[in-house]
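# Fold the following for me, if possible:
(one chain, ligands or ions: 1)
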Amino acid sequence: MTEQKAFTLELRDDNVAVIHIDVPGESMNTLKASFAEEVAQVLNKIEQHSDLKGVVVISDKPGSFVAGADISMIDACETAADTESLARQGQAMFDRIEQLNVPVVAAIDGACLGGGLELALACHYRVATDSGKTVIGLPEVQLGLLPGSGGTQRLPRLIGVQKALPLILTGKQLRAKQAKKLGIVDDVVPASILLDAAIELALKSKAKVRTVQHSMLNKMLEGTGVGRGIIFSKAREQAQAKAKGNYPALDKIIDTIAYGADKGFKAGLEFEARSFGELAMTPESKQLRNIFFATTAMKKETGAGDTKPREINRVGVLGGGLMGGGIAYVTAAKAGLPARIKDINEKGIVHALKYSYDLLNKKVKRKHMARAELEATMLRLSGSLDYSGFGQADVVIEAVFEDLNLKQQMVADIEAVGHENTIFATNTSSLPITKIAANAKRPENVIGLHYFSPVDKMPLAEIITHEGTSDETIATTVALAKKQGKTPIVVKDGAGFYVNRILAPYMNEAARLVLEGEPIEVVDQALVKFGFPVGPMKLMDEVGIDVAAKVAPIMADELGERFRAPDAFGKLLDDERKGKKNQKGFYAYSGKKPGKSVDESVYSLLGISPSSKLSGEEIAQRTALLMLNEAAYCLAEGIIRSPRDGDIGAIFGIGFPPFRGGPFRYMDAVGVTEIVNRLQGYQQQHGERYTPAPLLLKMAENNESFY
Ligand SMILES: C[C@H](O)CC(=O)SCCNC(=O)CCNC(=O)[C@H](O)C(C)(C)COP(=O)(O)OP(=O)(O)OC[C@H]1O[C@@H](n2cnc3c(N)ncnc32)[C@H](O)[C@@H]1OP(=O)(O)O
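As a prediction, the model looks like this:
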């Protein structure tokens, strides 16, 4: 039996050669070093064919062109020289394709990412399908890498440095139409005629040598050293402001593109391969790759072992406020399911419908969505003041205000109007699911489904089980959250669940530092430098000081003294300081840049004269260590099922610095013994809240790590 190959050649009667890509046994095509020999054989045959008119490169896997180089292969490299040589191998292969003297067309359906796009860029033309699965981009930066097989050189030469830079620096994935608008693809067609369209293009075109088509203005900017200097120095400034030195890939990307623009294509490729090798060995890239592996594994899990989710055809949403509106939106727009919204007044329903309409309309205006799709999505949304339409709901998600009696009443209502398997999923952020389910006739159908605000943007969903939640309910809720575009983690019931529980001591400590006199912006900047997207005091304004004040004593009562918040909420609330929602918090919301600078009057209110005494590193350690310690408690108590879930929950729910890999990966990197030492140091200085979690003590004693 001959071994199945990933690259095969078909020579057609019309003298067009079709290179078919189909990596055996895998759902997605990725590029592996072991394919080099077979690609070389295919190219040998093409080069030897004297009557050839054109070449088409296409995937035989519907919905997957090439999703990039195989990330596991990159991960397995032990030295920079190894990864550099992978990049060089890709470069050489793509160079040969580009040098063919007949037109070469990439026919793209499905993911065309990273090395996949680099392959397509080496082709002379690109045709892509209009399928929703077709995404085009260079996402290497999200893995802490840069495009290593020509992407940093070919994309700027195809569409200009100014358009290429933001794409490579963000890793943004484009739909086919957006890619066409930017000049990355030449044509967009339905999948059914992709091959024909590509062949036609090959037959009527000429082999193309790379050219840049500049407008006059671009010629002046990008075509001169001085002009390019301006572009690159601005890009560096922006990258530094964003990355705070935490993402080395950003600087390297700019350096590589700049080097190639000054010294030429070949020198650019050399620089690119070397940079790729270096970046692959950075701890930042390693952690970001770990996140890719973790989320890919999580996509496959049901949340309840082998139990299959039940079918979901209809969803009910109780409450049309900010959360309810967001939940209805992700249900209709992302999951494509009908969502029926109930509220006690019409205003709530109108709010929820308008919320979706506004989000969709923004996409239409940006030409990311057709108006017909907006209309079809809106048709999936409906509302009512009573429970009509809830009889068929398979899952009802409750997002009303935090009142236990009200929520218990809703459980009873849904048990009365719904069917026997209707799941009651509560979006509570503070009430125990066990209590909400306490009077349920079918407690097995009750579960927590905790979204983060804004629902359409935040990627995490916490799925909270109580003792009696059935496996079917868990699996079905996990499946729904995934359809809504979320990465769910299944957690056990308990105050604050996981995310808010690890957040609370961290926020309390930040407040304590401010009360000790550290300036608010200094505390926030220290944690932004550590890698959080916003600082804790700013976050407190966003969440609402009143909300934090309400939750803090509940947490302390349930979980113990280490959760006791410093005594300042009273003064803040007496002064009507609720945060962003009423434009009065730690930051000032009037003036030209609302929310950008501290409202100095808060210091006199709290009786503080601010003066910076601690280093940023010290501030970051004092706050972050409490989050890490609490994460360890959550693991030991079974609140989270694994360090992996704890890492993904913290990164996707709070914005824990991704390049640090999450609380558990970070503790492993620092060393659990060192974490314990630091906690004990602070315990002596600042008190018992720093007592290391017993799990950490035990691990330190045995020299263990989480992974
Ligand atoms: C030299 C070059 O410049 C370097 C590179 O190319 S680095 C790689 C750049 N590419 C990427 O970062 C893309 C990574 N992949 C993705 O974002 C997503 O998988 C996707 C958008 C392509 C598809 O998503 P989705 O449809 O949800 O499928 P998903 O479950 O993630 O993936 C399906 C399978 O493909 C695998 N896969 C996808 N891309 C992969 C990659 N680049 N490397 C290794 N495996 C990959 C997944 O691991 C999974 O494998 P499994 O089923 O055996 O576990």
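
# Per-residue confidence, the residue nearest to the spatial centre of the chain, what does it come out as?
Compute the mean C-alpha point of the chain, and by C-alpha atoms, centre = their mean the closest residue is residue 459, 6.3 Å away. pLDDT, residue 459: 95.

# so it touches residue 486, yeah?
Yes: look at residue 459 against residue 486 with C-beta atoms under 8 Å: they come within range, at 6.2 Å. Placement of C-beta: from N, CA and C, glycine included.

# Spatially nearest residue to the residue nearest to the centre of the chain, not counting backbone neighbours?
residue 652 (4.5 Å; C-beta to C-beta, 6 or more residues apart in numbering).

# would the one you found count as being in a helix?
Yes: judged by DSSP: H, G, I helix; E, B strand; the rest coil, residue 652 forms part of a helix.

# which residues sit in contact with it?
Neighbour list for residue 652: 458-460, 487 [criterion: C-beta atoms under 8 Å, 6 or more residues apart in numbering].

# thinking again about what came up before, could you report the separation of the residue nearest to the centre of the chain from residue 79?
34 Å (C-beta to C-beta, to the nearest Å).

# element containing the residue lying closest to residue 621 once chain neighbours are set aside?
Counting by C-beta to C-beta, 6+ apart, residue 678 is the residue found nearest to residue 621 once chain neighbours are left out, at 6.4 Å. Secondary structure assignment for residue 678, by DSSP states H and E: helix 672-686.

# got the buried residues for that helix?
Neighbour-count burial for helix 672-686 flags 672, 675-676, 678-679, 682 (criterion: 16 or more other C-beta atoms under 10 Å).

# Kindly report the same for stretch 18-28.
For stretch 18-28, by 16+ other C-beta under 10 Å, it's 18-23, 28.

# Equivalent analysis for stretch 64-79, please.
64-71, 73-75, 77.

# Among these, which one lies nearest to residue 248?
residue 74 (15.9 Å; C-beta to C-beta).

# picking up where we left off before, would you report which members of the buried residues of stretch 64-79 are assigned to strands?
64-66 (DSSP state E).

# Contact partners for the residue in the stretch 301-450 of the chain that the ligand sits nearest to?
Nearest residue of the stretch 301-450 of the chain to the ligand: residue 301, at 11.3 Å (C-beta to the nearest ligand atom). Residue 301 sits next to residue 478 when contact means C-beta under 8 Å, 6+ apart.

# just residue 108 next, same as before
Contacts of residue 108 (C-beta under 8 Å, 6+ apart): 65, 120, 126-129, 134, 136, 176, 185, 194.

# With pLDDT, distance to residue 539 and secondary structure added, can I get the residues you listed in JSON lines?
Below are those laid out as JSON lines (pLDDT from 0 to 100; distance: C-beta to C-beta, whole Å; DSSP: H, G, I helix; E, B strand; the rest coil):
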{"residue": "65", "pLDDT": "98", "distance to residue 539": "40", "secondary structure": "strand"}
{"residue": "120", "pLDDT": "98", "distance to residue 539": "41", "secondary structure": "helix"}
{"residue": "126", "pLDDT": "97", "distance to residue 539": "43", "secondary structure": "strand"}
{"residue": "127", "pLDDT": "98", "distance to residue 539": "46", "secondary structure": "strand"}
{"residue": "128", "pLDDT": "98", "distance to residue 539": "40", "secondary structure": "strand"}
{"residue": "129", "pLDDT": "97", "distance to residue 539": "42", "secondary structure": "strand"}
{"residue": "134", "pLDDT": "97", "distance to residue 539": "37", "secondary structure": "coil"}
{"residue": "136", "pLDDT": "98", "distance to residue 539": "35", "secondary structure": "strand"}
{"residue": "176", "pLDDT": "95", "distance to residue 539": "38", "secondary structure": "helix"}
{"residue": "185", "pLDDT": "96", "distance to residue 539": "41", "secondary structure": "coil"}
{"residue": "194", "pLDDT": "97", "distance to residue 539": "47", "secondary structure": "helix"}
